[in-house]
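*Asks:* Coordinates for the following, if possible.
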Amino acid sequence: MLKKILIGLAVIIALFLIIVATRPDNVHVERSGNMTAPPEAVFPLINDFHHWAEWSPWDKLDPAMKRDFEGGPGMGAKYHWVGNDKVGEGRMTITESHPSDKVAIKLDFIKPFESNNTTTFAITPAASGSKVVWGMDMPQSFMAKMFGMFMNMDEMVGKDFETGLANLNTASQSEAKKQADEAAAKAAAAAAAAAPSPSPTPAPVAPPAKGGKKKK
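*Replies:* Residues are numbered from 1 along each chain as shown. Next up is the predicted model:
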């Protein structure tokens, strides 16, 4: 009887491992959001890691998180963080940067587990202002595939993306106002510089003195 039970367990385990092995080698998670600001106001918030604390869903999970920045903004910029158990440790590097259009990032998780992923942000004009599509590709090791049997990565990561996009919309509204104020100030300064200087006011001429003697 015991032998049959052990054989049955071995068959179940073997079937489980076969199912795990046949799962996709890559998981793609993608969410999109409409921004009420133009692409020119959204792009800088993604392209510069110094702005990520304004909208990233993970930066708010650990107020004491340590951050290190290198280079940037744009191509080659690096961002390294170390935080609590909720955020772990990782590094991001911008590998593509197309103004107001696209940002691609190499995302490496270090702790609590190692993972090398690719993240992309595609920004396009829209009736509301702009549309942002946030995607991430995660290569799956055998252990990651096994983990995925019990956890829905699309649902788990997708919720964070949705929160981040909502935060990005709010932050981009402030960025759009700031850019508009700066443009107005520059226009006013340019107009003042181009205006002709006022002509000097001529000095008043004193009237002739009264009661003077006439010459003969």
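*Asks:* Could I get the average pLDDT for stretch 196-209?
*Replies:* Average pLDDT, stretch 196-209: 70.
*Asks:* again, but for stretch 52-62
*Replies:* Confidence over stretch 52-62, taken as the mean pLDDT, stands at 89.
*Asks:* Report the buried residues of it.
*Replies:* Within stretch 52-62, the residues that count as buried by 16 or more other C-beta atoms under 10 Å are 52, 54-60, 62. Bear in mind the C-beta positions are built from the backbone N, C-alpha and C, glycine included.
*Asks:* can you list these in TSV and add secondary structure and distance to residue 85?
*Replies:* Putting the buried residues of stretch 52-62 into TSV (DSSP: H, G, I helix; E, B strand; the rest coil; distance: C-beta to C-beta, whole Å) gives the following:
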residue	secondary structure	distance to residue 85
52	helix	20
54	helix	24
55	coil	22
56	coil	17
57	coil	16
58	coil	12
59	helix	15
60	helix	15
62	coil	9
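*Asks:* Sort out which one of these lies nearest residue 104 for me.
*Replies:* residue 52 (15.2 Å; C-beta to C-beta).
*Asks:* I would like the residues contacting stretch 186-202, please.
*Replies:* If you take C-beta atoms under 8 Å, 6 or more residues apart in numbering as the criterion, stretch 186-202 is touched by no other residue.
*Asks:* what about that stretch, distance to the chain center?
*Replies:* Its chain's C-alpha centre and that of stretch 186-202 lie 41 Å apart, by C-alpha atoms, centre = their mean, to the nearest Å.
*Asks:* Pull out the buried residues from it.
*Replies:* In stretch 186-202, counting by 16+ other C-beta under 10 Å, buried: nothing.
*Asks:* now stretch 77-92
*Replies:* Counting neighbours by 16+ other C-beta under 10 Å, one finds that the buried residues in stretch 77-92 are 77, 79-83, 87-88, 90, 92.
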